[in-house]
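1. coordinates only, no sequence provided:
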Ligand SMILES: O=C(CO)[C@H](O)[C@H](O)COP(=O)(O)O
């Protein structure tokens with residue numbers, strides 16, 4: 001399983017300084033939606049220019065205009081672009097096509113999908129690269145988690161890689177792997193860690209089975 005750090009609620013310079021500490025031990029760096037809303041895809045461009053060897057995900061969460069918006073993200077240097085599963089099929093297909101034409105990948109975020117199993121099957125048939133369950137930060141305080149949905153979609157997705165996000169921490173990253181995720185996404189539990197490099201090392205040790 002790969003480890004993705006979600007860089008939310010930080011400015012570009014802070015994000016670059018954080019990645020400087022972990023570029024050699026993190027698998028995927030997510031330029032988070034708040035940063036992109038604030039600074040545009042310039043935030044993605046800054047990340048990729050500074051760390052060309054790192055896989056950069058642009059969390060643009062496309063809802064419409066799939067081909068155009070996905071194209072903006074890949075032009076800025078994104079290796080992976082996100083689109084919402086609740087968007088229309090033509091939007092998702094357009095976002096997929098723009099990413100694939102550039103040799104990049106498309107990630108579909110299942111945020112607020114009512115029937116994740118049915119939608120995951122449809123998305124898998126569309127040839128997307130990642131399908132990720134996601135408990136929104138605004139509902140995590142209600143006690144919601146992504147684990148049950150992860151378990152459900154991991155059983156039915158045959159082609160795409162499966163991911164999970166939303167409140168994942170060091171106590172639960174092992175469960176995310178055990179439930180079948182190809183990518184575990186960790187935001188605030190990492191970005192708020194007092195020693196980011198040591199924290200990423202701890203997560204990677206659990207993922208590699210060196211510690212529990
Ligand atoms: O995409 C996101 C919010 O839309 C976050 O990046 C994702 O939820 C992970 O963050 P956290 O681990 O803090 O929940």
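-> Received it, and whenever you're ready, just let me know what you need. Values in this document were obtained by computation on a predicted structure and should not be read as measured data.
2. distance of residue 115 from residue 169?
-> Here residue 115 is placed at a distance of 27 Å from residue 169 (C-beta to C-beta, to the nearest Å). C-beta: built from backbone N, CA, C; applies to glycine.
3. looking at those two, which is more packed in?
-> Taking neighbours as other C-beta atoms under 10 Å, residue 115 and residue 169 compare with residue 169 leading, 14 against 10.
4. and that one, that one's in a strand?
-> No. Under DSSP: H, G, I helix; E, B strand; the rest coil, residue 169 falls outside any strand and is assigned coil.
5. got the contact list for the nearest residue to it once chain neighbours are set aside?
-> Nearest-residue entry for residue 169: residue 189, 3.9 Å, with adjacent residues in sequence omitted and distances by C-beta to C-beta, 6 or more residues apart in numbering. By C-beta atoms under 8 Å, 6 or more residues apart in numbering, residue 189 lies in contact with 167, 168, 169, 170, 199.
6. hmm, stretch 182-192 touching the ligand?
-> Yes. Stretch 182-192 lies within reach of the ligand by C-beta under 6 Å from any ligand atom, at 185, 186, 187, 188, 189.
7. and of those, the nearest to the ligand?
-> Nearest to the ligand among the residues of stretch 182-192 next to the ligand is residue 187, at 2.4 Å by C-beta to the nearest ligand atom.
8. give me the local confidence score for that closest one.
-> Per-residue confidence (pLDDT) for residue 187: 97.
9. was I right about it contacting residue 8?
-> Yes. Contact criterion C-beta atoms under 8 Å: residue 187 and residue 8 qualify, at 5.3 Å.
10. look at the two and report which has more neighbours.
-> residue 187 (21 against 17).
11. tell me the first helix or strand C-terminal of the least confident helix or strand in the chain by mean pLDDT.
-> The weakest-scoring helix or strand in the chain, judged by mean pLDDT, DSSP states H and E, is helix 137-140 (a mean of 90). Following helix 137-140 in sequence order, the next helix or strand is helix 147-156 (DSSP states H and E).
12. rewinding a little: any idea which element the residue nearest to residue 169 lies in?
-> Counting by DSSP H and E, residue 189 is found in helix 188-191.
13. buried residues, that helix. List them.
-> Buried residues in helix 188-191, defined by neighbour count with 16 or more other C-beta atoms under 10 Å: 189, 190, 191.
14. which bits of this protein sit near the ligand?
-> Close to the ligand, as judged by C-beta under 6 Å from any ligand atom, the chain has residues 6, 8, 30, 32-33, 59, 134, 137, 165-168, 185-189.
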